[in-house]
Every structure is written in structure tokens, then in C-alpha cells.
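[1] Starting from these lines, generate the structure:
(3 chains)
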Amino acid sequence: MNSPIDLHPAALLGVRARPGSQALFRWRPVAGKVLLTSLEGNWLLLAADEFRRFLEGDVPEDSELHARLKAGNFLRAHFDVRAAADRIRLRKRFLAGGPNLHLLVVTLRCNETCVYCHASRANMDQVHTDMTEETAERAIDLVFRSPSPFLTIEFQGGEPLVNFKVVKHAIEYATDKNRAANKRLQFTMVSNFALLDDEKLEYLLRHRVQLCTSIDGPEKLHNAQRKLPTQDAHQRAVHWIRRVNEAYAAAGLDPTLYHVEALLTTTRETLPLWKEVVDTYVGLGCKALFLRAIDPFGFADRTRQRLEYPREEYLRFYRNAVDYMLELNRQGVQILERYASIFLTKILRGEDPNFLDIRSPSGAGIGALAYNYDGKVFTCDEGRMLHEMGDDTFLLGDVRSHSFRELVGHETVRAMVLASNLDGQPDCVSCTYQPYCGTIPTFNHKNQGSIFGRMRESSVCAVHKGIQDYLFEKLAEADPETLATFDRWTTVRERDHFVQPATSVSE
Amino acid sequence: MTELRFDRQLYSGEAVDQAVKAFAGFAAFELEQTDAHWVVRVTPRDPKLARRLLGELGNHALGLTVQRGGAK
Amino acid sequence: MTTPIADLPAGLAAADLASAAVHLLVDEELYPLPAIYGAAYVFIDRCYVFLDRPEGARVRVSLAAKSGAADEAALRALVGEFANELLSCAFRHQITQDNRVLIETATMQALAGAMGQPSLDDLAKFDFSDQGFDDPLGIAMSWEEKHGKKAPKAESEGAP
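    Okay, here's the model as predicted:
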């Protein structure tokens, strides 16, 4: 009888592996078991002894293990090429789509000063950093050249409400263009809400603009990190979150589906406050929380010493927060973690939710484009931020002088597609999580000097691996309530209210 | 005057030429070829900038060589 | 004056504190030249990089800190970082050769999918006059060019 094997790589030298019976697989110890993943992203958790038998080609055809391996397409003799191809095609469906996310940075001016500011903000008197109506129109003309049938125009800044006139003009111009183009067009706005008033809110609600804001956790932390002269950034954001959510409910929209989305940026100060952060979001009626780690762009670069943290600390924070969220879900409180939702959709559903930073190749230039206030176009918002920091590596062109195909066909886009393809990346090529993961060329460039990066030293890789390790530990535990929560976290419910109403060309 | 010897198997001749042209305003240059090297003799106009000039020239030649796909 | 680096095999790397530089000897059979280029290039923003070949199949990489000053620990770190980048580049060089078809297919699909069909404006701008087009079978010739009536020859002098 085979004895259990030690999963330490050195100990595996004692296994008499017989290659030939196995289809391509990658493996990793998780929670005392062995996680296998296949080329097409199927996965299986094996006990150590089962893993040894798989490696040694000693799996009787009438055994339960054989049935599981065959079902997962891990056996060469029974490898189903068509099934593998279909799975890969489904996972890579986004490749044919074209840029669906278009970020319009309508101004760099901002009324808040945030310690980790992503955006290289400008002071409120720097009106030359406002996008003009003409530039917005040229940008939107390019947006509609995208072959994607789904278009999301996301207004960003600075603080986009500072240049509300152009936001309105862009919405009306795009809506008008869509009468002929007939795309599934949506608008979103990322705002600190401090400049909202009843008139602006009424306009945004009437035009079905999805509203997103930032909440850094409890009031004290939020106000310390996101500074208004009136010192009440949190209170203002909370006030308008409640107003928007009330307006959705009054319009008869399902509050579990329609509510303000809030984003978190995790700084060193956030790490001990995982429970308070989750409670704050739940208290505000938020149904999703994105536990984003800090990144190296904008102000965050200058204040890195104060705000940054080893990724092991972040992962401890992540585990604590998500464990708590799972417990809340058991109590009937609906709250979802966005990273988990993204990875679990790929793991459990075999689909790609098309989150542009976690896919291979990444979405920079082919899934998203960023249009700066002055008309310059970039592969992504991080590329635009690097431009504001003096680095033009990710500049593609200008809305006035370049066609859509010139922008998307730019050699920089090609380079980023190549650099973010995990089939060409050391570490990723043999990583168990390769079917589900992604790398960020702009992050690699900023932190490691090349768009390829070195994953073994990458904090993004550490975070992705750490989160997936956590999720597979939960899957290995197979607690029914956790699995039910994971199922809800991967169930997509369309929010059709935010899709601009279809109008016929004749109207 | 400093002599830089760019190995012909490692640096493209056109890249070295282009790098020299790019820095023409900062030094006097003499160029020579041997079987094994592109030889560049550099006399900086400002001796205080010598280290930086020579270093940037080398980087420029390397960058242009890489852009060309190698020394071929 | 160069001095060996303590925890590295003799002859493989040396440091020159006065010039804030390190010199590494790289075996081209382990690290192909494209990988050496790739790794060297990553450092040109903070180092002056020079390559030479002191002996066959070995490339010496010299990295001099642009700041002009570096202590022993910083130079040792530079060697380590370069070595890691070199390994990464060499490994990537191998992987991209092995997975070339997969990578090319995904890249073509990604770019073609993102660019979409050319518009009439794009086609109007397309340069069809490129002379590099070989057409031995005359496929690009119009029917008239191939089969149409030939123009009458001009009358020659002295013809009756």
C-alpha cells in the first residue's frame, strides 16, 4: 500500500513519477492537499496519496480517483481536445471584444487631497486642466469606433464634478451618437461626492449614471486620509451615498442590485481595522467591497514610506476581512469581496468577468483606453498617471490627430499584449493559478523597470497568489455555507437600468 | 580624450553612429573601425561632464542596438 | 581598482568602489545574447551600462551607478538584481520560443479584436502604392490590363 508523501518539493524526488499518463497539469500544495489545474483551467484537489498515484500513473480505471481525473481532463488517454478548446475559448472570449471601458479624465482639479492619490491632482485654480467640450467630443468619437458592442464611459479626475459642464456635454453627445450606433452604452462616475448637490444628483440619476465613490473605512481613518478643508469628507460621502440609495429605492429599483459602489484603498493604517472597514461598508448599504492594495502611482509614490506595507501583512488583513464577511453572509448579511468574486468566477464558472488587470493578456489598450483632459490617449489610467509623473511610455496619441486603429494598433499596445501574456512569463508559465490570473505591465514598469517584470519579486503576484491560496483553502474545506456564499458571489445579475435606453434611429 | 571600444558583435555600427550624432554638440568625436571594434574617441567640451557624457553615449548606443534587434 | 565580491565565485563579478561600478562576466551559453541585452536594458535608467567581450562566449557587463557614488552593499545589491533580471530574461527567452505559436495566436486575436474592421477613412489612408508587392501570377492586374484590347501601335516612319 502506498504511504502518504511529504509534499515538500525535495521529498517528491522519492516519487517514481511516470510521465505519459497525465495530460498537462500544474500543481501546488494547498491546505494539506494538492491542487491540480489543467491547461483549460479545470481544477482538482487531491490527497497526497492520490497525487502520488497520479504521478506514478497508478490509477486503476475503475477507481473513483480515475473518474475524477478523467472528468477534469487530467488523463492523457482520455483527453478531450474539443472540451479543452471550448473551455479555453470561453475563458478568452474577451479577446475578440475590443476596448469596452473608456476613461474620460475630465479634469485634474480636485477639492480633496488624498494621501495615496492615484491621480496626480491639480489645485482648484488650475482650470487649464479641465477637458474642453471639443476634446470630449473627439474622445467620444473614438470611443464609438471600438468594435465592442458594450461601451462604458467612466468619468474620472481629479474630481469629475468640478467639470460637470463637460460631463453633461459628454453624456448628451454620447447618447446622441448611440442612437445610430446602438451599443449597450453605460456611464459611470468615480467621485468623492463632496461637490454633489440636488441638481447634479437629479441629472445623474435621470441619465442613469452609475455612481462610485471612495470610503476608506470608519470616519476617523477616512478623514485622515482624504482631506477636505472642512474636514468632513466622510460625512459628505455618507450623506450622498444614502441619498442616492434612497433615490434608487424610490424609483422601485432592487436595493440589493442598485446602490452606490464604494472603493477602498488599503493603507498601512487600514490594516488593523479590517472589522471596522467591513462594518462601515455594510452600514452604508454597500453590497460589495474591493479590498484593493495600495499601488505605486501618483502621490502614493511620494508617501510610500508612510503608507506601504509588506504584502504578508496585507494578506493577513485580507484573510481576516473576508473571513468576517463570510461570517456575516452566514448571518444573512449580503456583502461580497470583489477580488474573491473575480477569481471565483474564473475558478468555479470557467468564465472571465473581464476585470482588465486580472486577465491574460491584460486589458491595457485592448480592453480599455484612458483619455486625458488635454486629449492625450493612454493604454490605461495607470499609464496616464505615469505621464503626469513625467513618464510617457504608455502614451498612444491624441484624440485630435490619431485614428482609433492607430491608437489601438500602436506598438506600445502590442508590447503590452505580449508582456502580459502569461504563456510567455517566467513563473506564470508554470504557476498553478495561471488560468485565472493576470499581470499589470504598468505596475511592472514602475516597480521593476520593465513591462514584463519579475513575478517572483512582484507584490501584485504575491497578492494574487495569496488570495487564490485563501480561496482554494476555503474550497478544500468545502463548508456548505461558504460554498453557497461563493456561488452567490459568482452569480452575475445584470443591472439593465444603467444601460442607456435603446432608441430607434428614426427618433 | 577617452577611447570607447564597442565590440562589433555586441553593438550595431549604425547604432554607434547615431549615438555619436546625438551627442555631437557635447564633444568632439573621432571614429575608427577595427576588425573587432567600433572605436570612438571622445573629447568632451566640458571635462566636468565627461563621465556622464561617456555613460550616456554608451547607453544610447546600447539602446539603439537593442531597438535594432542586435548587432547584426 | 576592482575587488572581488565576497560571496560570489572568483572571476565572476568584481566591484570598483571608486567608480561606483560592478563588472560581471556572463556565460553566453547559459544566458543567450538577447537575454543579456534585455537585462542590461532594464538598468539604463540608473546605470551606465557597457558590454564587451574579453574572451569568446563570455560577455562582460559593466554597470556604473549614474549617481557616481555607491557603497559595497549597494554594489552587491546591483549585482544580485542584475543576476535576477538576467535569469528572468533568459528563462523568458526560452519560454517564448517554446510557446511562440500560442503567444502569436493570442496576440493576433487580441489586436485584431481590439482594432476591429477598418473604416472607409482608414482604407482611404491606406498606402496601396508600396512597390514591394510581388505579383508573378498577375493576380493584382485588372481584367482590362490582362485581356483588354491593346492600343494600336504608332505608325512607323517609312511605312507604306
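
[2] what does chain B put close to chain C?
    B:5, B:7, B:9-11, B:51-52, B:54-56, B:58-59, B:62-63, B:65-66, B:70 (CB under 8 Å from any CB of the partner chain). Heads up, the C-betas are built off the backbone N, CA and C, glycines and all.

[3] In strands, which of those residues fall?
    B:5, B:7 (DSSP state E).

[4] Give me the subset of the residues of chain B next to chain C that also touch chain A.
    Of these, not one also sits near chain A (CB under 8 Å from any CB).

[5] Which among the residues of chain B next to chain C count as buried?
    Listed as buried from the residues of chain B next to chain C are B:7, B:10-11, B:51, B:54-56, B:58-59, B:62-63, B:65-66; burial here means 16 or more other CB atoms under 10 Å in any protein chain shown.

[6] Between those, which sits nearest chain C?
    Taking CB to the nearest CB as the measure, chain C lies nearest B:Gly55 of those, at 2.9 Å.

[7] Helix or strand with the lowest mean pLDDT in chain C?
    Sorting the helices and strands of chain C by mean pLDDT, DSSP states H and E puts helix C:143-147 at the bottom, at a mean of 72.

[8] Could you check stretch A:30-38 and say which residues are buried?
    A:30, A:33-38.

[9] where in the chain is pLDDT low?
    You didn't say which chain, so I picked chain A. Along chain A, the parts satisfying pLDDT under 70 run over A:1-13, A:118-119, A:296-307, A:503-507.

[10] Try it again at 80.
    Along chain A, the model assigns pLDDT under 80 to residues A:1-14, A:116-120, A:295-308, A:502-507.

[11] how many other residues sit next to whatever residue of it ends up closest to chain B?
    Residue of chain A nearest chain B, by CB to the nearest CB: A:Glu411 (11.0 Å). A:Glu411 has 8 neighbours, counted by other CB atoms under 10 Å in any protein chain shown.

[12] Pretty sure A:Phe290 is one of the things A:Leu336 touches, is it not?
    No: using CB atoms under 8 Å as the test, A:Leu336 is too far from A:Phe290 to be in contact (9.5 Å).

[13] Show me the shaky parts of chain B.
    In chain B, residues with pLDDT under 80: B:72.

[14] Close to chain A: what parts of it are there?
    Checking chain B against chain A by CB under 8 Å from any CB, there are no hits.

[15] And for the closest residue to chain A within chain B, nearest residue in space, chain neighbours not counted?
    Closest approach of chain B to chain A (CB to the nearest CB) occurs at B:Gln67, with a separation of 11.0 Å. Using CB to CB, 6 or more residues apart in numbering or on different chains and skipping residues adjacent in sequence, the residue nearest B:Gln67 is B:Ala15, 7.7 Å away.

[16] helix/strand/coil for that neighbour?
    helix (DSSP: H, G, I helix; E, B strand; the rest coil).

[17] That one: how many residues sit nearby?
    B:Ala15: 22 neighbours (other CB under 10 Å).

[18] show me the contacts for it.
    B:61-65, B:67-68 (CB atoms under 8 Å, 6 or more residues apart in numbering or on different chains).

[19] Equivalent analysis for A:Glu154, please.
    Taking CB under 8 Å, 6+ apart as the definition, contacts of A:Glu154 comprise A:101-104, A:187-190.

[20] Over to A:Val333?
    By CB under 8 Å, 6+ apart, the contact set of A:Val333 is A:Val282.

[21] From A:Thr270, how far off is it?
    21 Å (CB to CB, to the nearest Å).

[22] which residues does the nearest residue to A:Asp80 once chain neighbours are set aside contact?
    Computed as CB to CB, 6+ apart, the closest residue to A:Asp80 that is not its neighbour in sequence is A:Asn73, at 5.7 Å. Residues in contact with A:Asn73 (CB under 8 Å, 6+ apart) are A:23, A:38, A:40, A:42, A:79-80, A:83-84.

[23] So which of those residues are in helices?
    A:83-84 (DSSP state H).

[24] So C:Val10 versus chain A, what's the distance?
    Check again: residue C:10 is Ala, not Val. 27 Å (CB to the nearest CB, to the nearest Å).

[25] Counting neighbours, what do you get for that residue?
    8.

[26] that's a strand at it, yeah?
    No: per three-state DSSP, C:Ala10 lies outside any strand segment and is coil.

[27] Do you know the pLDDT at it?
    If you check C:Ala10, the pLDDT there is 78.
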